[in-house]
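1. fold the following and give me the result.
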Amino acid sequence: MLRTFSTDQRHLLLTVAFLETLRTFGIFMANPIVALYADHLGASNILAGIALGAYGLTMAVFQFPMGRLSDSIGRKRAIFIAAIPFIAGNLLCFNPINIYGLIAGRLVAGAGTINAASIAMVQENVANEQRSRAMAILGIPVGLGFLLGTAFGPEVFLLIGGKYIFLMIAALTAIGIIPVFRLETIRPASKFPQNHKGIGSRIIGLSLVGFLASAFVMMFFYFVPLRIAAAGSDFLLFFIIPVIVGGGIAVMLASVADRGHTVLLGLLSLIFLAASAPLIFSYTLPINVSLFSGTTVFILGFSIYEIVFTPIASRMASAGNYGSSIGLLRSLQYLGQFTGSAVAGLLYISSLSQSSLNFMIVALLLAALSAVLLYAVTGLREPSMAIGKT
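-> Next up is the predicted model:
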């Protein structure tokens, strides 16, 4: 797939993938151990939960302004600026003194989001018909970072303690930033024009779709480990094969999306997400069949969603609003993750079987609303490709 890109584009893609993968690995290495680390600091369950969610909350808040900043001063500068609070926040978590220091560090680290600037830089430096493939190339190593971070976080915690994980995250980010210094983008970032008109209503609508879909995703990640644990199975065992199968199919579909079918594949991703809920909680299918089929369908839907929604936003973006548009989409996606996590906790009641029914009702409602809103925003027609290379 990389062979379809020029040498400069490959350099750009690999540089951004390297940075994002190291950050993702670090972030997801920390997430499973935050509650354990907070407990060592003598925190209550409520404060431990706040420490866990604080990072995602400030990420949601700062995605849009950092994307807008990258429109104004350029992508590379915005990435360097964002790296400062991210590294500083993790260093604060390395030596937080107490739980409030840990919460403060997580809040500061979340403010250092580079996602909008780095993705905008990739999207504006590849041809319109290559954007979904570019997202797929970024998604493969980032997905690997997610899996490895989730798997090794608890093990590293037991080996060296929680504080050194945050020191590792700061160091990995600093290492990931180094290749960006030598990166030369193919075209400069857009500047705010005098006739700047702000974010369009279609971008706002698409971002709301991202909010609803991301809430669904986090509810899935809340309930599925409970379902796997109740079956006496290993979490990673039921995710590795689905990630390979579902993610592989999604990557192959990226070239289909680039031929003018991003919106239709976006709708298909929402359908797959909706179908995964009744599959994963089917009590008529054998448990292994239910877990593998439901998780594979979910990973397929989630992977397609991650691949195609950013190119849709990039094609809807107006001049001067490139990073802002992607930043708004990412902001509402992270806000959706925070909301979905909170809603999942509210939906869990006395038993998993009763709770799973609540989850399926709310999840299917979210998926249906997402599909209706996507139709309202796009009419299922491909947006014009006025920005970037053609």
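2. packing partners for the helix or strand encompassing residue 254?
-> Assigned by DSSP states H and E, residue 254 belongs to helix 237-258. Counting contacts by 3 or more CB pairs under 8 Å, 6 or more residues apart in numbering; DSSP states H and E, helix 237-258 packs against helix 131-160, helix 262-280, helix 287-316. No exception for glycine: its C-beta is placed from N, CA and C like everyone else's.
3. for residue 229, grab the count of nearby residues.
-> Burial of residue 229 is recorded as 12 neighbouring residues (other CB atoms under 10 Å).
4. oops, could you answer that again for residue 310 instead?
-> Close neighbours of residue 310, defined as other CB under 10 Å, add up to 28.
5. what sits against it?
-> By CB atoms under 8 Å, 6 or more residues apart in numbering, the residues touching residue 310 are 119, 123, 131, 135, 326, 329.
6. what's the pLDDT at residue 198?
-> Note on residue 198: pLDDT of 55.
7. ok, which of the helices and strands packed on helix 237-258 comes nearest residue 61?
-> The closest of those to residue 61 is helix 287-316. By CB to CB, the value is 18.6 Å.
8. pull out the buried positions in that closest one.
-> 290-316 (16 or more other CB atoms under 10 Å).
9. what residues of the helix holding residue 254 count as buried?
-> 238-239, 242-243, 245-247, 250-251, 253-255, 257-258.
10. now swap in stretch 324-342 and tell me
-> Neighbour-count burial for stretch 324-342 [16+ other CB under 10 Å]: 324-342.
11. next one: it to chain centre, how far?
-> 9 Å (CA atoms, centre = their mean, to the nearest Å).
12. same question for stretch 375-383.
-> Mean-position distance between stretch 375-383 and its chain equals 23 Å (CA atoms, centre = their mean).
13. who's in contact with it?
-> Applying CB under 8 Å, 6+ apart, the set of residues contacting stretch 375-383 from outside is 202, 205-206, 209, 260-264, 267, 312, 315-316, 374.
14. buried only: go through these for me.
-> Neighbour counting by 16+ other CB under 10 Å classes 202, 205-206, 209, 261-264, 267, 312, 315-316, 374 among the contacts of stretch 375-383 as buried.
15. quick one: low-confidence parts of the chain?
-> Residues of the chain meeting the criterion pLDDT under 70: 1, 147, 151, 185-199, 233-236, 318-320, 322, 349-353, 384-390.
16. now do the domain split for it, please.
-> According to automatic domain parsing, the chain comprises the domains 1-189, 193-385.
17. follow-up on the earlier one: got the CA coordinates for the helix holding residue 254 in PDB?
-> Extracted C-alpha coordinates of helix 237-258, given in PDB (Å, rounded to 0.1, in the frame of the first residue of the first chain):
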ATOM      1  CA  LEU A 237      -7.100 -13.900  23.300                       C
ATOM      2  CA  PHE A 238     -10.500 -12.700  22.100                       C
ATOM      3  CA  PHE A 239      -9.100  -9.500  20.600                       C
ATOM      4  CA  ILE A 240      -5.900 -10.500  18.700                       C
ATOM      5  CA  ILE A 241      -7.600 -12.600  16.000                       C
ATOM      6  CA  PRO A 242     -10.500 -10.200  15.600                       C
ATOM      7  CA  VAL A 243      -8.100  -7.300  15.200                       C
ATOM      8  CA  ILE A 244      -6.100  -9.200  12.500                       C
ATOM      9  CA  VAL A 245      -9.300 -10.200  10.700                       C
ATOM     10  CA  GLY A 246     -11.400  -7.200  11.100                       C
ATOM     11  CA  GLY A 247      -8.600  -4.700  10.800                       C
ATOM     12  CA  GLY A 248      -7.200  -6.500   7.700                       C
ATOM     13  CA  ILE A 249     -10.600  -6.300   5.900                       C
ATOM     14  CA  ALA A 250     -10.900  -2.600   6.800                       C
ATOM     15  CA  VAL A 251      -7.500  -1.900   5.400                       C
ATOM     16  CA  MET A 252      -8.400  -3.600   2.100                       C
ATOM     17  CA  LEU A 253     -11.600  -1.500   2.000                       C
ATOM     18  CA  ALA A 254      -9.500   1.700   2.300                       C
ATOM     19  CA  SER A 255      -8.800   1.700  -1.500                       C
ATOM     20  CA  VAL A 256     -12.600   1.300  -2.100                       C
ATOM     21  CA  ALA A 257     -13.200   4.400   0.000                       C
ATOM     22  CA  ASP A 258     -10.700   6.400  -1.900                       C
END
